[in-house]
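# Got a sequence here, can you model it:
(4 chains)
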2 protein chains.
Amino acid sequence: MFFLKELPTDSMVEEYVSKTGVGNSGTISEALSMMREASQLIRLVDAYFSSHNLSQLKFLILVVIDREPDIESLRQSEINRRLDVSKPVLNRSVSSLLETGLLKRIEDKEDYRAHKLALTEKGKSTLKMIMPEYFKVISKFMNKQI
Amino acid sequence: MFFLKELPTDSMVEEYVSKTGVGNSGTISEALSMMREASQLIRLVDAYFSSHNLSQLKFLILVVIDREPDIESLRQSEINRRLDVSKPVLNRSVSSLLETGLLKRIEDKEDYRAHKLALTEKGKSTLKMIMPEYFKVISKFMNKQI
DNA sequence: ACATAATAGTTATCATGATAACTATTTAAG
DNA sequence: CTTAAATAGTTATCATGATAACTATTATGT
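Residues are numbered from 1 along each chain as shown, chains lettered A, B, ... in the order given. Okay, here's the model as predicted:
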């Protein structure tokens, strides 16, 4: 997260940049704005998810399984290839989704180390229920940022 | 944090948007890209800071005190007004910076609830030492994102 | 075929974000 | 001037990110 309420002015960045002899002040300013803006949006989105006992990550786990074209389940390791998050963090969120009944485990006959994860009916309906407001939160935020 | 490695294509977003009847697909795609890009950059920056026993927040605490024009100390509550973070989180990071000797406490004679926080010499030199590479990390990342 | 690698999942531990609820002090209201 | 409200800082508890290290199973290379 990036927390600075008032970003440094371009001229302040320019001063730092010339002092340190590193980078380009326009690029740096742009990066700081982006981090700040994204942090605010991520916080809004997280708040929305947590009001539904979810998190950004849990939501994305449901999404990547749902979005798979021909199959209706994925291994944890396959989810991990689609999401840029560490194994233990993924594992914890998957466990939580199993506990709350949004995911179900399916035995994997081809590899006894693994198991497949599929959306339950509750998982599918939760995803469907959550999506519109998710888009609305994002749209609302983006329209403010002009 | 936003973890999806492969963002949905514009047409997938368009489909969701028309299904839910909410938002504008271009805006949503833009927001998803921004969250993803910023998450990656924030992770890089965090990794850089943690290699120096710091964090984004600790760094920003040092920055807002250093950047103050006429005074050389701020109260915790004043820092809180400049940084978009909860009181307890700020308090924890300030405590850690006091422990590691980058900040020092100064009695506040005008308000016995409060105390002022100033950079130590070590704090100042750490900030100076860290800045160039911080800019380099950001610049390098931004130049890749074309 | 068998020792070694790699892979799937898990556990333990830590850092850092949040809110709720607390003490102590200062400010404001009647 | 005294009670109530606001403010400064802190503590407790929880969620969610990370890495390191572990077990069990599968794949690989002589």
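
# can you tell me which residues contact the spatially most central residue of chain A?
Centroid-nearest residue in chain A, with CA atoms, centre = their mean: residue A:56, separated by 4.3 Å. Going by CB atoms under 8 Å, 6 or more residues apart in numbering or on different chains, residue A:56 touches A:42, A:45-46, A:49, B:1-3. C-beta coordinates here come from the backbone N, C-alpha and C atoms, glycine included.

# The same query, at a cut-off of 7 Å, please.
The neighbourhood of residue A:56, defined by CB atoms under 7 Å, 6 or more residues apart in numbering or on different chains, consists of A:45-46, A:49, B:1-2.

# With residue A:48 instead?
A:133-134, A:137.

# Can you flag the buried ones in those?
Buried members of the contacts of residue A:48, counted by 16 or more other CB atoms under 10 Å in any protein chain shown: A:134, A:137.

# Specify which member of the contacts of residue A:48 is nearest to DNA strand C.
residue A:137 (15.5 Å; CB to the nearest atom of the strand).

# just checking, what packs against whichever strand or helix holds that closest one?
Counting by DSSP states H and E, the element that carries residue A:137 is helix A:121-144. In terms of contacts (3 or more CB pairs under 7 Å, 6 or more residues apart in numbering or on different chains; DSSP states H and E), helix A:121-144 is packed against helix A:25-50, helix A:56-66, helix B:10-20, helix B:25-50.

# If we ignore the residues flanking it in sequence, what's nearest the residue sitting furthest away from the middle of chain A?
Distance from the centre of chain A peaks at residue A:19, with 36.4 Å (CA atoms, centre = their mean). Excluding the flanking residues, the one nearest residue A:19 by CB to CB, 6 or more residues apart in numbering or on different chains is residue B:131, at 8.0 Å.

# and the one you found, how many neighbours does it have?
18 (other CB atoms under 10 Å in any protein chain shown).

# quick one: it and DNA strand C, what's the gap?
Counting by CB to the nearest atom of the strand, to the nearest Å, the gap from residue B:131 to DNA strand C is 18 Å.

# what do you get for residue A:102?
15 Å.

# My guess is that residue contacts residue A:122. True?
Yes - contact criterion CB atoms under 7 Å: residue A:102 and residue A:122 qualify, at 5.8 Å.
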